[in-house]
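Quick one, what's the 3D model for this:
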Amino acid sequence: MEPLFRIAIVENEPADAEKLHALLDRYFQEVKESFSIDTYGNAFDFIEDAPKYNLVFMDIEMPGITGMEASFKIRESNESLPLIIFVTNMAQFAIDGYKVSALDFCLKPITYEDLFIPMEKARSILQLGKERYYIVKTKTELIKIPVSKIIYIEMVRHDIHVHYVDDRGEEKLVRHRGSMKDAEKPLAGSSLVRVNSGCLINSTYFSTYNVSEGTCQLKNGTTLVVSRSNRKSLLDAIAKMNL
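Predicted structure coming up:
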């Protein structure tokens, strides 16, 4: 089966390419997604092969044809794929990235923290056609809920309450025993984000955030408390969703 991530590293410095490869290996060990990685020492050789990949880490400063020039050529035949993440020593070289719909850029020397957010952006885009499910086991049945249909999940006493939208567009509630940690684990890397110690919301159902009251409102009208410790992660998730 074809891997979800088909990655090319276009980098003329072997040491930089090896370091980036190692960081990507670490990322995929954590998120448990399928992937393949190929390395190109120059942009010219990559251009013809570009359609084979859905994500490229493109060094901008390379001899011969630069990474930016190569990206313009690639976009002549495909406006959206592969996703492009520029790699550069100087941020100003990535300013023109919007002209080729670049996803993001990373400054050298790249750290794992620098890599993580761009990879999460790429992951959310590439997973759009790959539905995930949240499985609820009750006393009488096994319910398979598409993660994209979950509105929010909350802890009520010793039960997990899952609020979701069914196939007819009606809001439903199903309960099961467990902890927030149990609920959160199968949702790692999804659009659900914790807003307080007992609640996860689907960022796609987010409507507004009230700074003075420390609350957020969902599109169905539900208002939930956002703890100080979770405020940044919520706002980061909303920002990423709107990129």
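
from here on, contacts and neighbour counts on C-alpha atoms
OK.

got a list of contacts for the longest helix along the chain?
Secondary structure of the chain per DSSP state H: the longest helix is helix 14-31. For helix 14-31, the external contacting residues (C-alpha atoms under 8 Å, 6 or more residues apart in numbering) are 9-11, 34-35, 37, 39, 41, 110-112, 115-116, 188-189.

Where strands are concerned, which of these count?
Using DSSP state E, 9-10, 35, 37, 39 are the members of the contacts of helix 14-31 that sit in strands.

and the residue nearest in space to the middle of the chain, helix, strand or coil?
For the chain, the residue nearest the mean C-alpha position is residue 120 (2.9 Å; C-alpha atoms, centre = their mean). Taking DSSP: H, G, I helix; E, B strand; the rest coil as the rule, one finds residue 120 in the helix state.

give me the number of residues near the residue lying closest to it once chain neighbours are set aside?
Residue nearest to residue 120 in three dimensions, not counting chain neighbours: residue 189, with 7.5 Å by C-alpha to C-alpha, 6 or more residues apart in numbering. Residues within reach of residue 189, counting by other C-alpha atoms under 10 Å, total 13.

For residue 189, which residues are in contact?
31, 120, 124.

Apply 10 Å and report the result again.
Counting by C-alpha atoms under 10 Å, 6 or more residues apart in numbering, residue 189 touches 31, 120, 123-124.

Would you mark the buried spots in the helix or strand harbouring residue 135?
Secondary structure assignment for residue 135, by DSSP states H and E: strand 133-137. Neighbour counts over strand 133-137 (16 or more other C-alpha atoms under 10 Å) mark 134, 136 as buried.

And that strand, what does it pack against?
Contact analysis of strand 133-137 by 3 or more C-alpha pairs under 10 Å, 6 or more residues apart in numbering; DSSP states H and E lists strand 142-146, strand 159-165, strand 171-177, helix 180-184 as its packing neighbours.
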